[in-house]
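Enquirer: model this:
(2 chains)
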Amino acid sequence: MAQAAASSKRGFGQTERRDLWWVEPLAIAIGLSGFVIYATWAAFQGNNYHYGPYLSPFYSPEIFGDSPHSWFGPLPAWWPLWLPFSPALLILWAPGGFRFTCYYYRGSYYKALWADPPACGVGEPRAHYRGERKFPLIVQNIHRYFMYIAVLFLFILGYDVWKALWFTNPATGAVQFGMGVGTLVLAMNVSLLGGYTLSCHSMRHLLGGRHDEVNKALFGRGCYNCISGLNRHHMKWAWFSLFWVAFSDVYVRLCSMGVWSDRRFF
Amino acid sequence: MALATFSIWRGEAGQGKYCKYTTEFSEGMVVLDVIHKIQAEQANDMAVRWNCKAGKCGSCSAEINGMPKLMCMTRMNQLDLSKPVTIEPMKAFPSIKDLVTDVSWNFRVKKQIKKFKPRPPDAPDGSWRMSQEDVDRVQEFRKCIECFLCQDVCHVLREHQLHDEFVGPRYFVYIAALEMHPLDTEDRISELAKAKGIGYCNITKCCTKVCPESITITDNAIIPLKERVVDEFYDPLKRLFRMFRR
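Expert: Numbers count the residues shown, from 1 in each chain, chains lettered A, B, ... in the order given. Reported below is the predicted structural model:
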């Protein structure tokens, strides 16, 4: 179609908008970059990721590792020495991939980090555009598979909360039921991650959206309506769960380092 | 009466300039009222398309201070009047004159979309049975007034001008209304992925933000359609399942 718009195509950042359109993408860029930098740093540390019955969610499940939470014991001998190792590096690809391919985050980082567009009605830096039709962004369509893995992680993190209710008495060595601030931190973490995962657009599709007659959905209309209700707040779930998963790691790390002391309620 | 200065795009076929007009306005006036006042008092030849003045006909779409809006639904007290208010025609479509654009491309696109094809009637009297909730789901999409603000703000059309490869959010809403209809039997998924270019949408949600009918375009229409495209083309397990089912 021959284009003869009123005023010619504008350059990067050019707009007639008067509002502070740059604030939202800037805040998202800072939030996402801050999280990625912290998570990368924490994943490569390989220490201070557990404290008593608490295990940092960045390191759960701990497939190989030195903590009592490890599923298969310490790092196997066949692990190549030249390859850096941390229990987090074995598992973080899954939640990372889930967030990276998430519909909400995609829209956000395309704007905030790739300026495609920087904001609604604001000029872009590049003339060429391929969208998600071709490689590499066509790979974003794998999102539902990351969602399946994210659901598994919810069960694992839920089990971590259960384990965080059982404390070893240092004097007697007996294991007793209890609750500390760390238990609540981990419980809040799995709750927020649960909200984020269940409110996922792919989950909504799986549990009813794919049907024209929603009564035919896997768990019926009620389930679809519930997921749709959560989905309306997907952005909030995304941000709260992102913040809290990082905070959970900070909490366990600082307790493990002796900077913070975990308060036991009983 | 207060004073406001408007900077209005004046020109034809893409050539033109911004002209400043200062006029009085009273409490309760909307931008379209002021445009009409300027047209009546200062610029009799200014072209502006309008009809209902109630946000239902979708005729007076324009860009007010850089954001696509209906002029009849934008009240003067919502605007920062310390600087001239910029009024431009929609940028995603060819300019005809002043604030009027040629939106006929949209109607040509609509004609290319496969029509509603209901299943055979459920009852001998030729009627169908549908769940009210299934009808409610597609009812949201039928609120569209075809103002084309979503098409205007979509950067795929506005910035990249991919009109030949991408139908835009308005028609994803239209296709969603047909695809999710409980009676419809037509398959539009293949053409959605190819000719309609849904893969160009990168989910910036600008269309949802500007919709005057508050249709949740991205979450309720585009993403569910993208998921159906994934079912058809990009889900290896589903493809395998379909192979065995045949």
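Enquirer: hey, let's count contacts and neighbours off CA atoms from now on
Expert: Will do.
Enquirer: Tell me the spacing between residue B:24 and chain A.
Expert: Distance, residue B:24 to chain A, using CA to the nearest CA, to the nearest Å: 22 Å.
Enquirer: Quick check: bridge partners of that residue?
Expert: residue B:3 (DSSP bridges).
Enquirer: what's around it, how many residues?
Expert: Using other CA atoms under 10 Å in any protein chain shown, residue B:24 has 12 other residues around it.
Enquirer: Could you report the distance from residue B:202 to residue A:17?
Expert: 22 Å (CA to CA, to the nearest Å).
Enquirer: between those two, who's got more neighbours?
Expert: Shown here are residue B:202 and residue A:17; by other CA under 10 Å, residue B:202 has more neighbours (24 against 16).
Enquirer: List the contacts of that one.
Expert: Listed by CA atoms under 8 Å, 6 or more residues apart in numbering or on different chains, the contact set of residue B:202 reads A:106, A:107, A:110, A:131, A:132.
Enquirer: burial measure for residue 223, as a count.
Expert: No chain specified, so I'll use chain A. Residues within reach of residue A:223, counting by other CA under 10 Å, total 17.
Enquirer: Correction: the question concerned chain B.
Expert: 21.
Enquirer: Now it: closest residue in space that isn't a chain neighbour?
Expert: Leaving out its chain neighbours, the residue that sits closest to residue B:223 by CA to CA, 6 or more residues apart in numbering or on different chains is residue A:201, at 7.2 Å.
Enquirer: and the gap between the one you found and residue A:110?
Expert: Residue A:201 is 18 Å from residue A:110, by CA to CA.
Enquirer: Between these two, which is the more surrounded one?
Expert: residue A:201 (28 against 19).
Enquirer: hey, where'd the helices end up in chain A?
Expert: A:23-45, A:87-91, A:93-100, A:103-112, A:143-163, A:181-198, A:201-204, A:220-231, A:234-257 (DSSP state H).
Enquirer: Of the ones you listed, flag the one that's most buried.
Expert: helix A:201-204 (a mean of 24; mean count of other CA atoms under 10 Å in any protein chain shown).
Enquirer: Need the residues that contact it.
Expert: Contacting residues not belonging to helix A:201-204 are listed as A:103, A:143-144, A:147, A:197-198, A:224, A:227-228, A:231, B:219, B:223-224, B:227 [CA under 8 Å, 6+ apart].
Enquirer: cutoff 6 Å now
Expert: A:144, A:227 (CA atoms under 6 Å, 6 or more residues apart in numbering or on different chains).
Enquirer: how far does that helix sit from the chain's center?
Expert: 16 Å (CA atoms, centre = their mean, to the nearest Å).
Enquirer: who wins for proximity to residue B:53 among the helices of chain A?
Expert: Nearest to residue B:53 among the helices of chain A is helix A:23-45; the distance by CA to CA comes to 32.3 Å.
Enquirer: Wondering if that closest one reaches chain B at all.
Expert: No: judged by CA under 6 Å from any CA of the partner chain, helix A:23-45 stays clear of chain B, getting no closer than 11.2 Å.
Enquirer: who's in contact with that helix?
Expert: For helix A:23-45, the external contacting residues (CA under 6 Å, 6+ apart) are A:86, A:88, A:112.
Enquirer: angle of that helix against helix A:103-112?
Expert: For helix A:23-45 against helix A:103-112, the angle by axes from the mean of the first three to the mean of the last three CA atoms, to 10 degrees is 110 degrees.
Enquirer: Return the angle between stretch directions for helix A:23-45 and helix A:93-100.
Expert: Using the same axes, to 10 degrees: helix A:23-45 against helix A:93-100 is 180 degrees.
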